[in-house]
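Chemist: Starting from these lines, generate the structure:
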Amino acid sequence: MSLFKARDWWSTILGEKEEFDQGCLCVADVDNSGSGQDKIIVGSYMGYLRIFNPHPVKPGDGIQPEDLLLEVQLREPILQVEVGKFVSGTEGLHLAVLHCRKLCVYAVSGTLGNVEHGNQYQIKLMYEHNLQRTACNMTYGPFGGVKGRDLICIQSMDGMLMLFEQESYAFGRFLPGFLLPGPLTYSSRTDSFITVSSCRQVESYKYQVLAFATDADERQETEKQKLSSGKRLAVDWVLNIGEQALDVCVVSFNQAVSSVFVLGERNFFCLKDNGQIRFMKKLDYSPSCFIPYCSVKEGTINTLVGNHSKMLNVYQDVTLKWATQLPHIPVAVKVANLQDLKGVIVTLSDNGHLQCSYLGTDPSLFQAPRVDSREINYEEFDAEMKKLQKIIREATKTQDILPKSEKHRNLIVTAEVSPDLDAESQAIDSEVKAETVPSVTVKITIQSRVTAQKPNLAVCVQAPLAVTCDQFVFDDLEPDSSETVVLSVFLKGNCSPSELEGNCVVSYNTPTGILKVAQCNFRLPLRLICFPTQPSKAANHKLTIDTNKPPISFLTIFPDFVDPSEDDQANILGFQFLTGSKTTLLASKTSQRYRIQSDQLEDLWLITKELTLRLEEHFKKQNCKDFACTFSGSIPLQEYFELIDRHFELRLNAEKFQELLSERAVQFRAIERRLLTRFKDKTPAPLQHLDTLLEGTFREVIALADAAEENQANLFQAFTKLKSATHLVIMLISLWQKLSTDQIGILEATFLPLAEDTQELGWEETVDAAISYLLRTCLSKSSKEQALSLSSQLCMPKDTSRLKKNITLFCDRLAKGGRLSLSTDSATQQAAVMPGGCATIPESDLEERMVIPGSTATFPNHGQIAKQKSKP
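Modeler: Model (predicted):
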């Protein structure tokens, strides 16, 4: 048994499907027995009134028949029950029951039984008040300082306080600025009513102010009630607590000063009589009810706070003294004296779980059984420990949930690319204007170790490349079976691709219905998109790649492009793309350098990538592990920016074509409606050249559609060229700065975030947002830049000046020692990698660098960023 669990002293469940709330519970000696023992009075929204006097034989017993003193149905919902001196001529306690439209006061009395059935209890109606307004709650007390009797104040749903002097109605006053009713209580020390308004303010109104307010409201009431409505009242004091209140309670014990307790949604407050905060406690849970009670320590007050986590917390002022678990969520809590047991906690849930509990530590009578002793085999334990440690080490080595080694895979897909081009080209509907468009065969094999249901194979290559068939559907594969398909890849679009890689994806279901995926990548040969030609000495764009090894003959690394009988091709090689452009590759005879040159910047990419890959494969076969490529030239940013501007210009044209097409389509439909109206008319009228206007509009729509389609094709080619140039810039930056694999991954994610370019989400705005983020995090030069906020919405920019400026600044920061990282602690990172931090770059220098074509920016010990034009 848990130490922090409320000890059940007595409990019961009230009725079936009944509802209860905060005012439905009260404890008092309602039958005036004089024994000092309280009775528990409970009213429900179903109209049942019950009075209990628990007498458990031992703690934890359930209800006995004699514990229920009285149960009666009053036909109307019971909103609140209170016990006080409500009848004139006597100081005995009576029971006040508040209904929606009625206030009833009862006398509870008991008769000694002469037989074994016990005592009998009954209630007698002393008086009742019919209410003209729907009641919400009530409070009572010696209003105005009267002695020996209690008066009742009822708050209506529309904000009227109705005061009753026992059997007679006194007056009613409207609360100023009322919207919704809140908790209400009375402070006898200050003779004032305290409530919490919809403005989330604790407000106090003096009884004398309410009583002497003049009738200034125009609202009329029936003469039967003689309700006099007062003018707007003056508030005695106001305190803004900033949240709605669940309950308000006024306490005044002998050893403590009078205090006003307010339970909010997230705090509970203790206020002085004048509204000043004595203390407050912030709650980390959602409270449901509370009650302050007398503390044993002088000058402090204890408070019971129930919450929606079925917990009851005990606070001494703001200090948590105890926390106990309840079996239900309490909506009302009281402290009572029952059967000579003082301080019993009485709680009530909204579904009628009534419990009397106490806090304590009952001794546990459980004794652990004796364990049979046996001899310990230490050698066996050591062997088992080593076995478990080995399993733990193997499990911690694998970071990924999925197995990465193929021997654990249930289905393996492999792709084998033919080393030679097809003897007979399989190209279909190619847009390339070359005499012959080659194709290459790819053989894909699927091997299944288990039963694979409904396997589907999808083969993907990047446009403008295409495959003869990209979807395959197979029958169910049995264990240890395989399937093989053969397809061809060719160049379909009239531009060079940005990647020569493909992807195979197989999706299938296991016998248990789990969907799984297996995939593999394959690399296409360079001969698929170009063929050898005579090298060209003159070119607009030139790049030089440095290596740390002597240059290798092209006869060795490019055997598929070089004729072995021609010795002059050992150091120089020409590539003719199917689209018409030409690229030349040269190897230096005296230095460890290779030069790639072409008239188009984007054409340099595939040749440069192929060169680096073949060099790495060559030296890997020779077990040379220290081979490395570097780049110390200038990054061709100006030529790169021209491709960006071209792509962005076509995006703007696409937007204009879309607007013009929309306008012409509206015009075309309007003319059609006019003509249809003319044709339906019984007396035909002249067409007034509407048919000519319709035909002209139709031709404009067709011409605009053709222009938009042509612009879309040009936009696709421009985006493909932009991706090729971007790949080239990424490679040059990685070789220039010697970036790690993770940093290259960040660079690729920054500059190549999109597989496709659309009007809704384009390359320019996406890359600009990514670069701006890096400039404000890992590449920031000060904490001021880190504090700048980025826009959360991506939209098409007006021009590319901001993007080009950020790219230049990005390279500038890298040149000055910045390092790419996704860590948010950029300041610590910069201090570790860049002693002294990045130097501040004047914005004016950047503007000059952007405006002057062909300008060159020099960075010490790191090379250049902007491209310096090479003379042919």
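Chemist: contacts and neighbour counts: CA atoms only from here.
Modeler: Fine.
Chemist: now what about stretch 588-608, what contacts it?
Modeler: Residues outside stretch 588-608 that contact it (C-alpha atoms under 8 Å, 6 or more residues apart in numbering): 496, 498-499, 539-551, 571, 581-587, 639-640, 721-722, 724-725, 727-728.
Chemist: Distance across that stretch, terminal residue to terminal residue?
Modeler: In stretch 588-608, first residue to last residue: 15 Å (C-alpha to C-alpha, to the nearest Å).
Chemist: can you give me the helices for this protein?
Modeler: Assigned by DSSP state H, the helices in the chain fall at 207-211, 378-397, 554-557, 603-621, 637-680, 690-737, 741-751, 763-776, 783-787, 801-815, 826-833, 843-851.
Chemist: Return the alpha-carbon coordinates of the third one using CSV.
Modeler: As requested, the backbone C-alpha atoms of helix 554-557 are provided in CSV (Å, rounded to 0.1, in the frame of the first residue of the first chain):
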residue,chain,number,x,y,z
PHE,A,554,43.3,9.3,-70.4
LEU,A,555,43.9,5.9,-72.1
THR,A,556,43.7,4.4,-68.6
ILE,A,557,40.8,6.3,-67.0
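Chemist: returning to what we had before: which of the contacts of stretch 588-608 count as buried?
Modeler: Buried subset of the contacts of stretch 588-608 (neighbour count, 16 or more other C-alpha atoms under 10 Å): 496, 498-499, 539, 541-547, 549, 551, 571, 582-587, 639-640, 721-722, 724-725, 727-728.
Chemist: neighbours of Glu756, just the number please.
Modeler: Counted with other C-alpha atoms under 10 Å, the neighbours of Glu756 add up to 12.
Chemist: still on that earlier bit, just the ones of the buried ones among the contacts of stretch 588-608 in strands?
Modeler: In this view, those that belong to strands under DSSP state E are 541-547, 582-587.
Chemist: ok, back up a step: of the helices of the chain, flag the one that's most buried.
Modeler: Of all those, helix 763-776 carries the top mean neighbour count, a mean of 20, counting by mean count of other C-alpha atoms under 10 Å.
Chemist: and the angle from that one to helix 741-751?
Modeler: 130 degrees (axes from the mean of the first three to the mean of the last three C-alpha atoms, to 10 degrees).
Chemist: what residues does helix 763-776 touch?
Modeler: In contact with helix 763-776 (C-alpha under 8 Å, 6+ apart) are residues 644, 648, 750-754, 757, 780, 785-788, 790, 794-797, 800, 802-803, 806-807, 810, 820.
Chemist: one more time with 7 Å, if that's ok
Modeler: Contact with helix 763-776 is made by 750-751, 754, 757, 785-786, 794-797, 803, 806, 810, as judged by C-alpha atoms under 7 Å, 6 or more residues apart in numbering.
Chemist: Same question for stretch 49-68.
Modeler: In contact with stretch 49-68 (C-alpha under 7 Å, 6+ apart) are residues 8-12, 39-43, 69-73, 339.
Chemist: Pull out the buried residues from that stretch.
Modeler: Under the neighbour-count criterion of 16+ other C-alpha under 10 Å, stretch 49-68 has 49-56, 62-63 buried.
Chemist: Select, from these, the two members most distant in space.
Modeler: Spanning the widest gap among these are Leu49 and Pro56, at 21.6 Å by C-alpha to C-alpha.
Chemist: and stretch 236-247, what's its mean pLDDT?
Modeler: Computed over stretch 236-247, the mean pLDDT rounds to 92.
Chemist: For that stretch, measure first residue to last.
Modeler: Terminal residues of stretch 236-247 are spaced 20 Å apart (C-alpha to C-alpha).
Chemist: tell me the pLDDT at the nearest residue to Leu732 once chain neighbours are set aside?
Modeler: In space, and not counting its chain neighbours, Leu732 is closest to Phe631: 6.3 Å by C-alpha to C-alpha, 6 or more residues apart in numbering. On pLDDT, Phe631 comes in at 89.
Chemist: ok, the contacts of stretch 49-68 vs Ser734, which is closest?
Modeler: Distance to Ser734, by C-alpha to C-alpha, is smallest for Asp8 among these, at 71.9 Å.
Chemist: on that earlier part again, could you export the contacts of helix 763-776 as a markdown table, including distance to Asn509 and pLDDT?
Modeler: Shown next, in a markdown table, are the contacts of helix 763-776 (distance: C-alpha to C-alpha, whole Å; pLDDT from 0 to 100):
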| residue | distance to Asn509 | pLDDT |
| --- | --- | --- |
| Thr750 | 36 | 87 |
| Phe751 | 37 | 87 |
| Leu754 | 30 | 74 |
| Asp757 | 33 | 72 |
| Glu785 | 51 | 58 |
| Gln786 | 48 | 56 |
| Leu794 | 39 | 78 |
| Cys795 | 41 | 82 |
| Met796 | 42 | 82 |
| Pro797 | 45 | 84 |
| Leu803 | 46 | 89 |
| Asn806 | 47 | 88 |
| Phe810 | 47 | 87 |
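Chemist: and of those residues, the nearest to Ser357?
Modeler: Nearest to Ser357 among these, with distances taken as C-alpha to C-alpha, is Gln786, at 56.7 Å.
Chemist: list the contacts for the residue nearest to Leu732?
Modeler: Taking C-alpha under 7 Å, 6+ apart, we find Phe631 in contact with 544-546, 732, 735-736.
Chemist: Over to Thr547?
Modeler: So, once contact is read as C-alpha under 7 Å, 6+ apart, Thr547 ends up touching 592-593, 628-630.
Chemist: Now the buried members of these.
Modeler: Buried members of the contacts of Thr547, scored by 16+ other C-alpha under 10 Å, are 592-593, 629-630.
Chemist: need those in TSV with distance to Glu602, can you?
Modeler: Formatted as TSV, the buried ones among the contacts of Thr547 follow (distance: C-alpha to C-alpha, whole Å):
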residue	distance to Glu602
Gln592	24
Arg593	21
Cys629	20
Thr630	20
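Chemist: Strands - which of these land there?
Modeler: Members of the buried ones among the contacts of Thr547 lying in strands (criterion: DSSP E): 593, 629-630.
Chemist: Quick check: the gap between Met280 and Ala383.
Modeler: If you go by C-alpha to C-alpha, the gap between Met280 and Ala383 works out to 60 Å.
Chemist: Check Ser821 too.
Modeler: In this view, Ser821 and Ala383 are 45 Å apart by C-alpha to C-alpha.
Chemist: among the helices of the chain, which is nearest Ser188?
Modeler: Per C-alpha to C-alpha, nearest to Ser188 of the helices of the chain: helix 207-211, 10.1 Å.
Chemist: Other residues contacting the closest one?
Modeler: Contacts to helix 207-211, defined as C-alpha under 7 Å, 6+ apart, come from residues 143-144, 173, 191-193.
Chemist: Leu25 contacts Val42, correct?
Modeler: Yes. The criterion here is C-alpha atoms under 7 Å, and Leu25 meets it with Val42 at 4.8 Å.
Chemist: residues contacting Thr185?
Modeler: By C-alpha under 7 Å, 6+ apart, Thr185 lies in contact with 139, 193-195, 248-249.
Chemist: which one of these is nearest Asp480?
Modeler: Asp480 lies nearest to Val248 out of the contacts of Thr185, by C-alpha to C-alpha, at 75.8 Å.
Chemist: Near that closest one, how many residues? Count them for me, please.
Modeler: With other C-alpha under 10 Å as criterion, Val248 counts 23.
Chemist: residues in contact with it?
Modeler: Going by C-alpha under 7 Å, 6+ apart, Val248 touches 183-185, 261-263.
Chemist: With Ser258 as the reference, measure out to it.
Modeler: Distance from Val248 to Ser258, counting by C-alpha to C-alpha: 14 Å.
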